[in-house]
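Undergrad: Just the structure for this:
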Amino acid sequence: MPMPTTARRVGDRRRRTRYAVNPFRATKVPSPYGLHLMNRMGCGFSVRTWEQMRTAGGPSAWFEQQLNPDTVPEHPKVGYLDRWFPELFETPAVKFTKSKVGYGYADQLSSWTMLRRIYSHRQVQETMVDFWSNHLHVTAVGGTAWVQRFHYDQTIRQHALGRFEDLLVACTLHPSMLLYLDNFRSVKDAPNENHGRELLELHTVGRASGYTEQMVKDSAVILSGYRVDFRGTWEMRYNPRQHTQRPVQVLGFTHPNADADGSAMTVDYLRYLARHPATARTIATKLVTRFVGDYPPAALVDRLSQVYLAAGTDIRAVLRALVSSPEFQQSAGQKIRTPVDDLVATARALQVRASRPTGGRAFAHRITHQHRSLPLYQWPRPDGAPERNADWASAARMLSSFRMHWDLASGSSPERDVRYRKPQRWLPRKSIRLDRYVDHLSRSLLGRRSTKTMLKAVCQATGYKPDEKIDRKHELARGQFVRVAAVLLDSPQHMSR
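TA: A predicted model of the protein is given here:
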C-alpha cells in the first residue's frame, strides 16, 4: 500500500494537497437536533432509527412516540433474544444451584441488554432502563443478589417511563435489592442500617438534604421486616416478627410504628421520600449530568425539579421538559460515550447483524467483553458506574475502543454467528472520488457531514489523495475499507454524543 503523502513536487515548486469537504449530498443526514436526540436519548445514530424518525413526523414527534414504547412496533430480532438466552429465565433457585457467584448469568444479562440496545426500536426506553439501573444499582455478580438480578431488570423496565415513586417502591422492596443492601439480614430491635442509609444517600434525598444518623437508624427500622426466602424460592416475604417497633422520624415523615406489621408504613415512607423536594433535585441533577453535561446548570436543575414535583414524579413529564430545554439542545458532543455505549453505537452504525449463538465465541456472547472494559451491571459499589467524562477518557480506554472499532469495521472479531456488511456495499455508486466517499461514509456511519480534519486523517491513514477514484476493485472498498471506517469511528464525532 502506498505510504501517506501530504505534498508532491511539480518541477521546482511544491504543491500541497488541498483538503476540502466535497459533499455527497445524495446521502441525506438528519437535522442536528434529530441526530442529538438519537445520540443522547437513544443508543446512537442508525439508518433504521432515522427512518423511524422521519416516519413519525420528525424529531419531536419521534421522541413523544418513544415515551409510549408499547405503541412502537418492536424489531423482530428483539423477540428472538429471549430464546437465545434461555438460562436467564430459569428460577432463582435453579440459578443458585448451578452457580454460587453468577458470573455466567451476569455476562448473559449484559449481552442480552446490549443486543436489545443495538436492535430495539424502543430506543428511549432502553436508555432509561440503563439510567435507572445505574441510579438504583444492584450488581449482577457476587453475593446473592444476582439470583434475582434478571427479574430486577424486568421490574426497572416496567417502570422506566412511569412514575419514580412507583419505580422506587418496586425496586426498594425487590428481593435483589434486599439481598444486595443486606436488608434481609435485619432482625427485630437490631435492623441492618445499610439499606436505610443508601436509600437516603443514593436513591432519594441525598446528603445535602440534612438527614442525621438517627434518621438513618429510623430509615432502617422502617424497612425492617422485609425478608427474602434465602436459599429457598428467593422471593420477598414480609415477616412481622422481624419488624422493629418504635416511633420514627425522617425528614418530616413521622409514624408511631406501633403495629407488628409495618409494611404499609414502609410503602408510605418510600412514596414520601420520592415526592420530597430534595429527591426532586437528586433526580434532576442526575438526569442533567447524564443527558446534558458534567456540570449541571443550576437553572435547568431547578426547572426540572419543579416539573418533577408538579407532575407527581412522572418521568415522562420531566424528560419532555429536559429535551425541549435550550441547555439540552445546545449540549451536543459534550458527553463521552462509555465503552458499552460506544460498542452499541458502533454496531448500530455498521449495521452488524447478529444471529442465534451456537457457541461461546458467538457475537451474541462476546460483546459483553468486546469493549474491553467493565461489563455492564458489574460495577462493584452501590453508587453505580460514573457518569462524568473524566472517568471514561483515559488513554487505555481510548485505545481499547479504537481496537473495538477496528474489529467490528473489519468484520474480524467476533466472527462467529454474525454477518457484517460487505465493504463494497458501502459504495454509493460504481466509482467515486475519495473525498466524496469519506463524506458519504460520514453521513452513513455518523449521521453527519464530514470535515476537513476527517478527510485529512483518512488520506494520512490510507496514503491516498482526495481525488483518488474508488470502485469495487479498489482496496479501500475491499480489505482496506477498515482504514477509512476506523478513522471515522475513532473521531470525536463518534466517540462523543
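Undergrad: Tell me where the model's unsure across the stretch 351-497 of the chain.
TA: Counting by pLDDT under 70, the stretch 351-497 of the chain has no low-confidence residues at all.
Undergrad: can you give me the strands for it?
TA: For the stretch 351-497 of the chain, the strands defined by DSSP state E, counting those that start in this stretch cover 353-354, 418-419, 431-433, 469-471.
Undergrad: how far out from the middle of the chain is the first one?
TA: Looking back up the chat, that one is strand 353-354. 19 Å (C-alpha atoms, centre = their mean, to the nearest Å).
Undergrad: taking the strands of the stretch 351-497 of the chain together, which one is wrapped up most tightly?
TA: strand 353-354 (a mean of 19; mean count of other C-beta atoms under 10 Å). Yep, even glycine has a C-beta here, placed from its N, CA and C like the rest.
Undergrad: what's the closest non-adjacent residue to Gly44?
TA: In this structure, Gly44 finds its nearest non-sequential neighbour in Ala345, 2.9 Å apart by C-beta to C-beta, 6 or more residues apart in numbering.
Undergrad: Tell me, how many residues neighbour the one you found?
TA: Number of residues near Ala345 (other C-beta atoms under 10 Å) recorded here: 26.
Undergrad: repeat for Pro380
TA: Neighbours of Pro380 using other C-beta under 10 Å come to 11.
Undergrad: Tell me, how many residues neighbour the nearest residue to it once chain neighbours are set aside?
TA: Spatial nearest neighbour of Pro380, excluding adjacent residues (C-beta to C-beta, 6+ apart): Thr139 at 6.4 Å. Neighbours of Thr139 under the rule other C-beta under 10 Å: 20.
Undergrad: now swap in Pro296 and tell me
TA: By other C-beta under 10 Å, the residues close to Pro296 number 20.
Undergrad: I figured it hits Thr285, correct?
TA: Yes. Between Pro296 and Thr285 there is a contact under C-beta atoms under 8 Å: 5.3 Å.
Undergrad: Mind listing the shared neighbours of those two?
TA: Overlap of the contact sets of Pro296 and Thr285 (by C-beta atoms under 8 Å, 6 or more residues apart in numbering) is empty.
Undergrad: Please look at Leu489 and Ser410 and confirm they touch.
TA: No. Using C-beta under 8 Å, Leu489 is not in contact with Ser410; the gap is 11.2 Å.
Undergrad: neighbour-wise, which of the two wins?
TA: Just comparing Leu489 and Ser410: by other C-beta under 10 Å the higher neighbour count belongs to Leu489, 26 against 18.
Undergrad: and the more buried one, what does it touch?
TA: Neighbouring residues of Leu489 by C-beta under 8 Å, 6+ apart: 346, 349, 405, 409, 445.
Undergrad: Name only those of those residues that count as buried.
TA: Burial by neighbour count, 16 or more other C-beta atoms under 10 Å: within the contacts of Leu489 this picks out 346, 349, 405, 409, 445.
Undergrad: which residues in the chain form strands?
TA: 7-10, 13-16, 226-228, 236-238, 248-250, 253-255, 353-354, 418-419, 431-433, 469-471 (DSSP state E).
Undergrad: Leaving out chain neighbours, which residue sits closest to Gly411?
TA: Tyr420 (3.5 Å).
Undergrad: how close does that neighbour sit to Trp426?
TA: Relative to Trp426, Tyr420 is positioned 11 Å away (C-beta to C-beta, to the nearest Å).
Undergrad: Of the two, give the one with the bigger neighbour count.
TA: Trp426 (20 against 17).
Undergrad: Settle this for me: the more buried one is touching Ser444, isn't it.
TA: Yes. Counting by C-beta under 8 Å, Trp426 touches Ser444, with 6.8 Å between them.
Undergrad: if we can go back for a sec, turn the strands of the chain into TSV, columns for distance to Thr368.
TA: Putting the strands of the chain into TSV (distance: least, C-beta to C-beta, whole Å) gives the following:
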stretch	distance to Thr368
strand 7-10	46
strand 13-16	47
strand 226-228	27
strand 236-238	28
strand 248-250	40
strand 253-255	41
strand 353-354	13
strand 418-419	14
strand 431-433	37
strand 469-471	36
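Undergrad: quick one, which of these is nearest to Arg163?
TA: Nearest to Arg163 among the strands of the chain is strand 253-255 (18.6 Å), distances taken as C-beta to C-beta.
Undergrad: chain center to that closest one, what's the gap?
TA: 37 Å.
Undergrad: Break this protein into its domains for me.
TA: Listed by automatic domain parsing, the domain ranges of the chain are 32-62, 63-274, 349-419.
Undergrad: Please compute how far the first one lies from its chain's middle.
TA: Chain-centre distance of domain 32-62: 16 Å, with C-alpha atoms, centre = their mean.
Undergrad: Pull out the buried positions in it.
TA: Using 16+ other C-beta under 10 Å as the test for burial, domain 32-62 gives 33-46, 49-50, 52-53, 56, 59-60, 62.
Undergrad: Please apply the same query to stretch 402-418.
TA: So stretch 402-418, judged by 16+ other C-beta under 10 Å, has buried residues 404-411, 413-414, 416-418.
Undergrad: re the thing from before, how far away is the residue nearest to Gly44 from Phe291?
TA: Going from Ala345 to Phe291 by C-beta to C-beta gives 15 Å.
Undergrad: do Val47 as well
TA: From Val47 over to Phe291 the distance is 24 Å, taken as C-beta to C-beta.
Undergrad: do Arg478 as well
TA: 40 Å.
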